[in-house]
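[1] need a 3D model of the sequence below.
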Amino acid sequence: MNSTFLFKMALGIESPWEVTEIKLDDLGSGKELHIYIDFKRGSRFSDNSNEPCEVHDTVQKTWRHLNFFEHACYLHCRVPRIKTKNGKVKVVNVPWSRPGSGFTLLFESYAMALIESEMPVNKIGKLFNENPHRIWTIFNYWIKRAYNADQPKTPKKLGLDETSKKKGHHYVTIAVDLDERRVLHVSEGKDKNAVKDIKKYLESKGIDVNEVKSTSMDMSPSFISGVNEYFPEAEIHFDRFHVVKLLNEAMDKVRQVERKEHNELKGHKYTFLKNQNHLSVNKKEELNKLITLYPTLGKAYRLKELFNDLWEMDNVENATHFLVNWCKEVEESGIAPFKQFVKTVKSHWMGIVNFCGTRINNGILEGINSKVQLAKRRARGYRSTENFINMIYFLCGKLNFDYPSYST
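    Residues are numbered from 1 along each chain as shown. Got it, this is the predicted structure:
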């Protein structure tokens with residue numbers, strides 16, 4: 001068995017294609033394997049209507065293949081161009097690569113397998129001594145292909161969240177189907193236009209946006225305005241995490257004021273912010289001592305802990321009754337940061353109490369955000385918004401990919 005036949009078998013090449021030459025070039029700094037492929041004289045190739053056509057002329061093309069041991073490997077071929085029945089000249093698609101790619105399908109499938117295994121794209125580029133931009137080109141092609149072919153269900157519960165591709169740089173808005181637990185669409189920006197873009201995407205997939213019955217989000221005025229205008233039938237629910245975050249900020253402002261006058265409060269920021277069941281025995285004892293010594297802190301801490309009972313309410317009526325009484329207690333306490341928080345609560349009232357009626361699970365948004373943040377840390381941020389958005393689809397979109405499986 002000669003080497004050309006062996007490589008033909010290894011590459012899975014079938015007639016009329018054949019391996020004609022194999023060269024191992026020594027470049028000094030390393031070696032490269034070059035495999036030359038041609039087609040048999042007199043071969044005909046089918047056009048789009050499966051009509052066999054004669055070869056008009058040829059063009060020389062090269063593709064990067066998987067490494068041969070530690071050596072870079074390239075395929076070279078004199079690719080035929082045929083003249084179709086309607087007189088157009090068309091380049092024949094070769095079986096080892098997709099049209100327009102400078103890589104073989106096996107190389108692309110291996111690169112995608114490495115990305116699946118959470119290897120950063122820049123490291124994959126270094127592994128193959130390829131510009132990472134070329135690996136991103138492979139990645140973006142297959143993600144866009146799957147994204148464009150996706151046919152999502154109508155999301156009854158739509159979650160909206162925002163994140164940046166790099167710390168403090170260029171935000172994107174993520175739309176999540178909370179029932180399916182998957183990202184549907186990612187829009188650039190975090191304003192009202194981002195919500196409009198989500199609507200346009202859903203409509204492009206034949207989805208009636210009036211069938212979206214509820215949305216979960218933070219208290220962004222842009223999101224609120226966008227949902228009211230572009231998803232008019234959707235009930236707004238505010239993300240519990242963001243409400244609690246604002247409450248904790250009010251609690252910490254109270255602590256900061258007291259800290260200026262009392263050194264004993266130094267180092268106790270999280271003593272007041274954590275839930276009691278997350279504190280050690282020693283920290284609980286210190287907490288009980290501090291809220292006794294400093295009455296204003298004690299009142300604020302009691303109000304903070306009491307507010308958490310809201311999330312246990314099982315309907316809008318009970319939640320409303322509870323919140324009315326809680327806001328009244330805050331006003332009577334006279335604690336300025338909490339009174340400011342009450343103003344926020346009152347201006348976002350329905351979105352807060354609606355949570356108790358439907359119990360939308362915001363943990364889904366938090367889980368997706370955790371995956372996105374982990375990908376950002378591995379990549380040390382993303383320079384390209386396109387790369388960042390497509391990585392979100394790859395990790396959280398539950399898309400069906402049709403690139404060849406490397407394992408097969």
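[2] where exactly do the strands run in this structure?
    Along the chain, counting by DSSP state E, strands occupy 17-26, 31-39, 45-46, 52-53, 55-68, 71-83, 89-91, 157-166, 169-177, 182-188, 214-217, 235-238.
[3] tabulate these (JSON lines), appending mean pLDDT.
    JSON lines is the format used below for these (pLDDT from 0 to 100):
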{"stretch": "strand 17-26", "mean pLDDT": "91"}
{"stretch": "strand 31-39", "mean pLDDT": "93"}
{"stretch": "strand 45-46", "mean pLDDT": "90"}
{"stretch": "strand 52-53", "mean pLDDT": "89"}
{"stretch": "strand 55-68", "mean pLDDT": "93"}
{"stretch": "strand 71-83", "mean pLDDT": "93"}
{"stretch": "strand 89-91", "mean pLDDT": "92"}
{"stretch": "strand 157-166", "mean pLDDT": "88"}
{"stretch": "strand 169-177", "mean pLDDT": "90"}
{"stretch": "strand 182-188", "mean pLDDT": "96"}
{"stretch": "strand 214-217", "mean pLDDT": "92"}
{"stretch": "strand 235-238", "mean pLDDT": "90"}
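[4] tell me what the lowest-mean-pLDDT helix or strand in the chain is packed against?
    Ranking every helix and strand in the chain by mean pLDDT, DSSP states H and E puts helix 3-11 at the bottom, with a mean of 73. Applying 3 or more C-beta pairs under 8 Å, 6 or more residues apart in numbering; DSSP states H and E, one finds that helix 3-11 contacts strand 17-26. Every residue, glycine included, has its C-beta placed from N, CA and C.
[5] which one of the strands of the chain has the most crowded surroundings?
    Compared across the strands of the chain, strand 214-217 shows the largest average neighbour count, a mean of 25 (mean count of other C-beta atoms under 10 Å).
[6] ok, residue 298 to residue 272 distance?
    With distances taken as C-beta to C-beta, to the nearest Å, residue 298 is found 10 Å from residue 272.
[7] and those two? Which one has more around it.
    Shown here are residue 298 and residue 272; by other C-beta atoms under 10 Å, residue 272 has more neighbours (20 against 15).
[8] what about residue 373, how many residues close to it?
    For residue 373, the neighbour count with other C-beta under 10 Å is 11.
[9] so what's the closest residue to it other than its chain neighbours bridging to?
    Closest residue in space to residue 373, ignoring its immediate chain neighbours: residue 163 at 7.4 Å, by C-beta to C-beta, 6 or more residues apart in numbering. Residue 163 has these beta-bridge partners by DSSP bridges: residue 172.
[10] list of residues touching the longest helix belonging to the chain?
    In the chain, taking DSSP state H as the definition, the longest helix is helix 240-259. Residues outside helix 240-259 that contact it (C-beta atoms under 8 Å, 6 or more residues apart in numbering): 218-219, 265-266, 268-269, 272-273, 294, 296-297, 300-301, 304, 307-308, 311, 335, 337-338, 340-341, 344-345, 352, 355, 362, 366.
[11] and the least confident helix or strand of the chain, how far out from the chain middle?
    41 Å (C-alpha atoms, centre = their mean, to the nearest Å).
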